[in-house]
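Chemist: predicted model follows, preceded by the sequence.
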Amino acid sequence: MARIFDSHAHYDSERFDEDRDLLLSSLSAHGVDAVINIGSDLPSSEASIALAHRYDFIFAAVGVHPHDAAGCEPGYLDRLAALSRDPKVVAIGEIGLDYHYDFSPREVQRRVFEEQLLLARDL
């Protein structure tokens, strides 16, 4: 059986609340050896780390998605840097630009994206 590395998951999502442990416990039997659970804001980044500590094969990415960029409060970048020091964190993400929906103003998306890129580079 081919082995799978799922590089982008959101198993911290509430849609998995009812059966998360059952689902995650079954992944190995379905060929999934590793998962990166992706944070899209500070709370989901923290949840991704917590999930990674519960399962050896799960790792975390921390970041702020462009949809949530407008909600970044002062100090968010320091918090992301602190979260990034956790040994289960392997990436900065989910970051980028989303000009399709424009849930956050484009100039805010660009600023938050650039700040997170610089953080990733520095780390």
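Modeler: Received, thanks.

Chemist: who touches the helix or strand containing Ala47?
Modeler: Taking DSSP states H and E as the criterion, Ala47 maps to helix 42-54. The contact list for helix 42-54, computed with C-beta atoms under 8 Å, 6 or more residues apart in numbering, reads 10-12, 37-39, 58-64, 76, 79-80, 83, 86, 88-89. For every residue, glycine as well, the C-beta is placed using N, CA and C.

Chemist: in that helix, what's buried?
Modeler: Neighbour counts over helix 42-54 (16 or more other C-beta atoms under 10 Å) mark 42, 44-49, 51-52 as buried.

Chemist: same deal with stretch 20-27?
Modeler: Of all the residues in stretch 20-27, those buried under the rule 16+ other C-beta under 10 Å are 20, 24, 27.

Chemist: list of residues touching that stretch?
Modeler: Residues outside stretch 20-27 that contact it (C-beta under 8 Å, 6+ apart) are 6, 11, 16, 35, 55, 57-58.

Chemist: at 7 Å what do you get?
Modeler: In this structure, residues lying in contact with stretch 20-27 by C-beta atoms under 7 Å, 6 or more residues apart in numbering are 11, 16, 55.

Chemist: quick one: it to chain centroid distance?
Modeler: 19 Å (C-alpha atoms, centre = their mean, to the nearest Å).
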